[in-house]
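> Predicted structure and sequence below. I'll ask about it afterward.
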Amino acid sequence: MTDAHPVILIVEDEPEIRRFLRAAFGVEGYRVVESATGRRGSIDAGTHKPDLAIVDLALPDIDGIEVIRRIREWSPMPIIVLSARVQEQSKIDALDAGADDYVTKPFGVGELLARVRAALRNAVRPQSGASVLRFDSAEIDLERRTASRDGEKIRLTPIEFRMLTTLAKHLGMVVTHRQLLTEVWGPTHESDTHYLRIYMKQLRQKLESDPVQPRHLLTETGVGYRLVIDD
Amino acid sequence: MRYSHGVSPKRQWIGYAWAAAAALACTLAGFAMRPRFDLVNVAMVYLLAVVIIALRFSRGPAITASVLCVLAFDILFVPPQGALTVDDVQYLLTFAIMLAVALIISRLVESVRDRAAAQAALEIEAETERIRSTLLASISHDLRTPLAVMAGASSSLEQSGERLTAPERKALAKSIFDQAREMSEHVAKILQMTRLEMSAIKPDRDWASLSEIVGAVLARLSERMSAHRVIVELPDDLPLLRVDATLIEQALGNLLENCAKHTPPGTIVRVRAQRSGEEIVITVEDYSGGLPERDVERVFAKFHRGAVEGAGTGFGLGLAICRAIVRLHGGRAWAESVPAGGTAFHFSLPLEEAPSVPPEPASS
């Protein structure tokens, strides 16, 4: 995992897509393992122990979501899903099944590489995630539960802290509505999306320079939220 | 089925009621006339009623009217009154004529109705055909152009890549990427419109925040809107909406893309929203001189493009998709000219009472 050449498993049936992914990852110094079917992919994940898996949702034999489940049975490795635009719901199902992020086809290689880097960075971080978040003018210490903006102390509520902590655990990656609701309010509230809308608005008002066009607490419409902190 | 064209069961029932009412009305008129008029004139009044019922309703009520009229006429007016004896053969003839008139007229009316229905069906077919050919024309233009660019640029890279300078190679590769992305969006829009038309999309409603949707759209379109000056004006106390956020994001995005596409760089584009009774009205307006009045009314029609056809105008599908999505949510979409010169695109969404969020215990 700390290897200078991380291993990427690509589970994708389209040879042309594997071809450009192989080229793009190769140039960036990754080693690539390719599987053309879901079953093969599930096995390759066990034998090659990759640092990260990229799984296409529409595979010829078993569903991409099933591949994710099989990997999740034994490994926390980051999984990024490739989904077509019409698969809105299966994208969410994949994330709820344990995928860490997604890229919608057609995608540019730059976008995918950015997601892969974020996922790998996150995987090597301690389990608690980043503990100090720096926004444009705000700074939040999740461990000590303090926050300030322009040097002045600001108050965040316990729920706001819990939301930030959950998002920070998946820094740079998407967190679905259900994941966020379950982790912050508990499983009985997994469909109370209106809670998220209200608290996210409060958080943005406290932390973002422009709450309507946020730069850190991003909305993934219909899916969830993503916390992005510049390096 | 031919007799049932355009006649609903309810209307059929109403027809019988009218037949009875007409017979009753004629009878009353007959009693009023009787002291001064001949029996034959009373018969004429009944005949008129039968004609009117036959014209307005289908065959059943017409026959009913003629039977009721003859019975009433015979029992109440033809001597001996109060009995159903027909001692004069001529009233049998009256009965036969009334029935014949009822049948002939209702038959005529039905054939006219049949023809009108057939005509309407033909018109729908012609309209479908027209839309299909417009769609095909749009597809071949708007998809062929990017395909031509992609084929040309990629083949030059393949054939003479080594002899090109690095910036040239990069420019060719970038144009392939840009065109592919553009085309992918065209295809997605065609697919989306088709699914909307087939009612294959069921909105997945959940509580959503309009300002989040606006923020997400602006982030998605930041590159495309970079030459425009976008101003967002949202009241701070906007209620949550119960909508399919993904679809509303598309609807709003299509309006913004439309502004980006059809107004010159530097144009001010304003996104605002306001509560109006039980709905919320979202507006995207540009200050670019505006559309001709004729276009303002038609702008949301499918495949309508501005007056200028050509590359970069897109399918004109974006606004039609926007309207279809808004209608799916029980709202309306319309456009109007802005007095200062420009076009405002509005859409409304019905508001629902949002559930409350339990207050958080005082912070630790």
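Received it, and whenever you're ready, just let me know what you need.

> What ranges does chain A have for its helices?
Assigned by DSSP state H, the helices in chain A fall at A:15-27, A:38-48, A:64-72, A:88-96, A:109-124, A:158-169, A:177-185, A:193-207.

> In a markdown table: these, plus mean neighbour count and mean pLDDT.
No exception for glycine: its C-beta is placed from N, CA and C like everyone else's. Conversion of those to a markdown table gives the following (neighbours: other C-beta atoms under 10 Å in any protein chain shown; pLDDT from 0 to 100):
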| stretch | mean neighbour count | mean pLDDT |
| --- | --- | --- |
| helix A:15-27 | 14 | 95 |
| helix A:38-48 | 18 | 95 |
| helix A:64-72 | 22 | 95 |
| helix A:88-96 | 21 | 89 |
| helix A:109-124 | 16 | 91 |
| helix A:158-169 | 21 | 94 |
| helix A:177-185 | 20 | 95 |
| helix A:193-207 | 20 | 95 |
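
> Out of these, which is closest to A:L217?
For the helices of chain A, the distance to A:L217 is smallest for helix A:193-207, at 5.5 Å, taking C-beta to C-beta.

> Now do that closest one and helix A:158-169, the angle between them.
Using axes from the mean of the first three to the mean of the last three C-alpha atoms, to 10 degrees, one finds that helix A:193-207 and helix A:158-169 are set 90 degrees apart in direction.

> ok, and does helix A:193-207 reach over to chain B?
Yes: contact check for helix A:193-207 against chain B, using C-beta under 8 Å from any C-beta of the partner chain: residues in range are A:193-195, A:197-201.

> can you list the residues of chain B near chain A?
Counting by C-beta under 8 Å from any C-beta, the residues of chain B lying close to chain A are B:177, B:180-181, B:184, B:188, B:191, B:204, B:206-209, B:211-216, B:218-219, B:232, B:234, B:240, B:244-246, B:249, B:354-355, B:357, B:360, B:363-364.

> rerun that using 6 Å as the cut-off
For chain B, the residues in contact with chain A under the definition C-beta under 6 Å from any C-beta of the partner chain are B:184, B:188, B:206-207, B:209, B:211-212, B:215-216, B:218, B:232, B:240, B:245-246, B:249, B:354-355, B:357, B:360, B:363-364.

> Of those, which belong to strands?
The strands, defined by DSSP state E, take in B:206-207, B:232 from these.

> from these, which single one is nearest chain A?
Proximity of these to chain A (C-beta to the nearest C-beta) peaks at B:W207, which lies at 3.8 Å.

> is it true that the closest one touches B:L240?
Yes: the pair B:W207 and B:L240 passes the contact test of C-beta atoms under 6 Å, sitting 4.7 Å apart.

> Take the ones in strands among the residues of chain B next to chain A and write them to JSON lines, including pLDDT and neighbour count.
Supplementary listing: these in JSON lines, determined by pLDDT from 0 to 100; neighbours: other C-beta atoms under 10 Å in any protein chain shown:
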{"residue": "B:D206", "pLDDT": "94", "neighbour count": "19"}
{"residue": "B:W207", "pLDDT": "95", "neighbour count": "21"}
{"residue": "B:V232", "pLDDT": "95", "neighbour count": "16"}
